[in-house]
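>>> Got a sequence here, can you build the structure:
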Amino acid sequence: RQDMATVSSSILPLGGQPDLLRFNDEVLVGLHVPARVGLKVLLSYQGIVELKNDSIGHKLTRGRNGYITRVHENGNACMVKWSATENECGWYRAGAYGTYHLKLHEMGNSVAEVEDRKNRVESESTMDALLHASSSGNL
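Numbers count the residues shown, from 1 in each chain. Alright, predicted model coming up:
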């Protein structure tokens, strides 16, 4: 298990208030840490329970990790690319309606690792935009 000092030194918690929604020491995205592109995540207990019959739930993730690829402008939902899939999938709640579907992965969230994934996402977005522009004749 990763030393929480490493996580807390690289990802700043929100509000600093005691949490009542934490299950089994989960660090919830949107409650304990802000949602940001590049964070390595897993489905939280709440996410597993609420999304059990949903196409973006445990059947899709298969218990594997992923990373945030987009954050909604209000910060309370995000898209995730799971290691079990090739594409980013659905909107996961990070505080929307008081719900937290994602938890911070215990490893792989140093500042450098998050920045590396963020840069990869931005690079893929740029390539996708260029491919779309060239296929539609807009270059």
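
>>> do you know how far the residue nearest the centre of the chain is from N53?
By Cα atoms, centre = their mean, the chain has its centre lying nearest to I68, at 3.3 Å. Remark: distance between I68 and N53 (Cβ to Cβ, to the nearest Å) = 23 Å. For every residue, glycine as well, the C-beta is placed using N, CA and C.

>>> what residues does stretch 116-126 touch?
R36, V37, G38, L39, K40, Y67, T69, R70, K81 (Cβ atoms under 8 Å, 6 or more residues apart in numbering).

>>> most surrounded residue in those?
In terms of neighbour count, L39 stands highest of the contacts of stretch 116-126 at 26 neighbours, by other Cβ atoms under 10 Å.

>>> Just the pLDDT for it.
On pLDDT, L39 comes in at 96.

>>> what pairs with the nearest residue in space to it that is not next to it in sequence across the strands?
Spatial nearest neighbour of L39, chain neighbours left out: I68 (4.8 Å); criterion: Cβ to Cβ, 6 or more residues apart in numbering. Beta bridges link I68 to V80 when assigned by DSSP bridges.

>>> Which residues lie in contact with I68 in this structure?
Counted by Cβ under 8 Å, 6+ apart, I68 has contacts V29, A35, R36, V37, G38, L39, V41, C78, M79, V80, L102.

>>> rerun at 6 Å
V37, L39, C78, V80 (Cβ atoms under 6 Å, 6 or more residues apart in numbering).

>>> And those residues, which is closest to A112?
Lowest distance from A112 to the contacts of I68 (Cβ to Cβ) belongs to L39, with 13.2 Å.

>>> Relative to S55, how far out is the closest one?
Taken as Cβ to Cβ, the span from L39 to S55 is 22 Å.

>>> what does Y67 give?
As judged by Cβ to Cβ, Y67 and S55 stand 19 Å apart.

>>> ok, now G108?
Taken as Cβ to Cβ, the span from G108 to S55 is 26 Å.
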